[in-house]
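> Compute the structure for the input listed below.
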Amino acid sequence: MSAFRKIVRRLFHSINYVWKNVFFGSSGYGTKIIRPMRVIGKKNMFIGKYVRILNGARLEAVSEYHGQRYAPRLIIGDRTTIEQCCHIIAADELWIGQDCVFSAFVYIADCNHQYIPGTRINDTDLEIKKTKIGNGVFIGIGARILPGVTLGDGCVVGANAVVTHDVPERAVVVGVPAKIIKYL
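Numbering: from 1, shown residues only. Presented below is the predicted three-dimensional model:
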């Protein structure tokens, strides 16, 4: 690679790094966000180094809903990869560890609409439950991580699983609702 090309490349990365940190709460060096579908509440998102977020992702840090104010923090650890069309919603603190891999179409949230019989679901307030994804977690295609769940370090979540309860470290879970089938 020519010296000129190296200088241009380094300049581009520096400008990109500064640009992301103007809009996001913070974004580490080497992070790539490729054509997201929607990003809401960027100032409340703190993204580590060398994170890859692929096209069609929807990242939301909800700071207000139906006049109710929230203090969201979406934290994504270093070297985490989020594949196409993932949907991540935080209204409180949603923490994602380092070295995680989320396959396509994964859904993770720390909030839900309340269910009140006779009331339209969009007219209800949000229920907030802390959600945490440990380090080195792999989540298979189409899996759903519901509010209030903690996934321990090194967990594997199978494709299309719906995780409704905490999962201990190094457990493999599959199914709807997800159940532990073995430990690594």
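> Quickly find the element holding Arg9.
helix 3-23 (DSSP states H and E).
> After that helix, which helix or strand is next? Please name it.
Next helix or strand after helix 3-23 toward the C-terminus (DSSP H and E): strand 26-27.
> which helices and strands sit right next to that next one?
When contacts are defined as 3 or more Cβ pairs under 8 Å, 6 or more residues apart in numbering; DSSP states H and E, strand 26-27 packs onto helix 3-23, strand 45-47. C-beta: built from backbone N, CA, C; applies to glycine.
> Parallel or antiparallel, list what pairs with it.
strand 45-47 (parallel) (DSSP bridges).
> What residues sit buried inside the strand it pairs with?
Going by neighbour count (16 or more other Cβ atoms under 10 Å), the buried part of strand 45-47 is Met45, Phe46, Ile47.
> Which strand residues bridge the last one?
It refers to Ile47. Counting by DSSP bridges, Ile47 is bridged to Ser27, Ile76.
> could you give the mean pLDDT of stretch 68-85?
For stretch 68-85, the mean per-residue pLDDT is 93.
> buried residues in it?
For stretch 68-85, the neighbour count (16+ other Cβ under 10 Å) marks 70, 72-85 as buried.
> Worst mean pLDDT across the helices and strands of this structure, which element?
Of the helices and strands making up the chain, the lowest-confidence element is helix 3-23, at a mean of 61, by mean pLDDT, DSSP states H and E.
> that older thread, identify the farthest-apart pair in the buried residues of stretch 68-85.
Maximum pairwise distance among the buried residues of stretch 68-85 (Cβ to Cβ): 28.3 Å, between Tyr70 and Arg79.
> where does this protein have low pLDDT?
By pLDDT under 70, the weakly predicted segments of the chain are 1, 8, 10-23.
> and Ile89, what does it touch?
If you count contacts by Cβ atoms under 8 Å, 6 or more residues apart in numbering, Ile89 has them with Glu60, Val62, Ile108, Ala109, Asp110, Cys111.
> in what helix or strand does it lie?
Counting by DSSP H and E, Ile89 is found in strand 87-90.
> how about the nearest residue to Met45 once chain neighbours are set aside, secondary structure?
Distance criterion Cβ to Cβ, 6 or more residues apart in numbering; nearest residue to Met45, sequence neighbours excluded, is Leu74 at 4.6 Å. Per DSSP: H, G, I helix; E, B strand; the rest coil, the secondary structure class of Leu74 is strand.
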